[in-house]
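Peer 1: attaching a predicted model along with its sequence, questions to come.
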Amino acid sequence: MLELRHLRTLVALRDAGSLVEAAERVHLTQSALSHQIKDLEERLGSPLFLRKTRPVTFTRAGLRLLALAEQVLPQVRMAERDLARLAGNEQGRLHMAIECHSCFQWLMPTMDHFRDHWPEVEVDIPDGHHFEPLAALAREQLDLVITADPQPLPGVHYEPLFRYEGLLAVSRQHSLAGKPHVTPEALADETLITYPVEHARLDVFTQFLDPAGIQPKEIRTAELTIMMMQLVASGRGVCALPNWALTEYLERDYVKAVSLGERGVWSTLFAAIREDTREAPWMEDFLRTARETSFAVLEGIKPA
């Protein structure tokens, strides 16, 4: 009567808060997910959650199955890891690079969790390398690169992790602070604060300013997100960051955020890996852990 997919569906529904987002997380259409849940409810003879509630309100039967899922799913995951070890596939190396200044918020807990379950795999983030990370991945100097800028390279596979929206951070007193969105022209008289990377790797340029032929009045760089926020809050400029990187500053009312354009600027974050490690059990587990951790700790992201 009960299958693992049912438990995973209920967990996704609880975490996502709606059928639409839950369906995206388990890679089903909303119709297929609704049918799966309705079929299970008919078998059990009891509804599992109250319709038209957001976030989803579970019935006693739904809460009982969620409690079961919390017990069973981690045990299944652990058994899968153990079986991989018994098959002799546990050895590996995971040296990675991050082309994302604000990714450590979800990457650190991912790595901590992964190390606990795969102590045999050598995990490292080499520093001081003077090469292009994706090229180094293809040459086997690295094993994984977190990037939002996939480049076609032989033997390299890009695994989508999640989608995110880029937002414009402005001071609370800024004239744009109360706007629902901004146009590219609105940045022509602004100082734009960015990370010290090529403009070709920044969505605010490639997806927003460049197509409109607009350049900001001045460009200023800062290494750290917290320094960018200090400058923005002080009225020294504006900056574009992923929505999750701004969450804590918005909650503290430190700065305000505005969408870039009427439809927003959305991008996908990828884990670039080599084809020859794609099916390694420890790599599959790392990617799975990265997705689960991201949705657990980040707000405003969507399944890729």
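Peer 2: Yep, it's here.
Peer 1: ok, the nearest residue to I301 once chain neighbours are set aside - contacts?
Peer 2: In space, I301 comes closest to F162 once its chain neighbours are excluded; the distance is 4.4 Å by C-beta to C-beta, 6 or more residues apart in numbering. Heads up, the C-betas are built off the backbone N, CA and C, glycines and all. Residues near F162 by C-beta atoms under 8 Å, 6 or more residues apart in numbering: 268-269, 291, 294-295, 298, 301-304.
Peer 1: for these, which one is nearest K52?
Peer 2: For the contacts of F162, the minimum distance to K52 (C-beta to C-beta) is 21.9 Å, reached by K302.
Peer 1: pLDDT wise, what is the closest residue to that closest one other than its chain neighbours at?
Peer 2: Distances taken as C-beta to C-beta, 6+ apart put R163 closest to K302, at 4.4 Å, once the chain neighbours are dropped. Listed pLDDT for R163 reads 93.
Peer 1: same check on A32?
Peer 2: The per-residue pLDDT reported for A32 equals 92.
Peer 1: give me the longest strand you can find in the chain.
Peer 2: strand 156-170 (DSSP state E).
Peer 1: give the contact list for the residue nearest to K302.
Peer 2: Going by C-beta under 8 Å, 6+ apart, R163 touches 266-269, 301-304.
Peer 1: pull out the buried positions in the lowest-mean-pLDDT helix or strand in the chain.
Peer 2: Ranked by mean pLDDT, DSSP states H and E, the helix or strand of the chain with the weakest confidence is helix 60-86, at a mean of 85. For helix 60-86, a neighbour-count test (16 or more other C-beta atoms under 10 Å) marks 61-62, 65-66, 69, 81, 84 as buried.
Peer 1: follow-up on the earlier one: how close does the residue nearest to K302 get to P303?
Peer 2: The gap separating R163 from P303 is 7 Å, by C-beta to C-beta, to the nearest Å.
Peer 1: just P133 next, same as before
Peer 2: For P133, the distance to P303 equals 25 Å [C-beta to C-beta].
Peer 1: among the contacts of R163, name the buried ones.
Peer 2: Neighbour counting by 16+ other C-beta under 10 Å classes 267, 269, 301, 303 among the contacts of R163 as buried.
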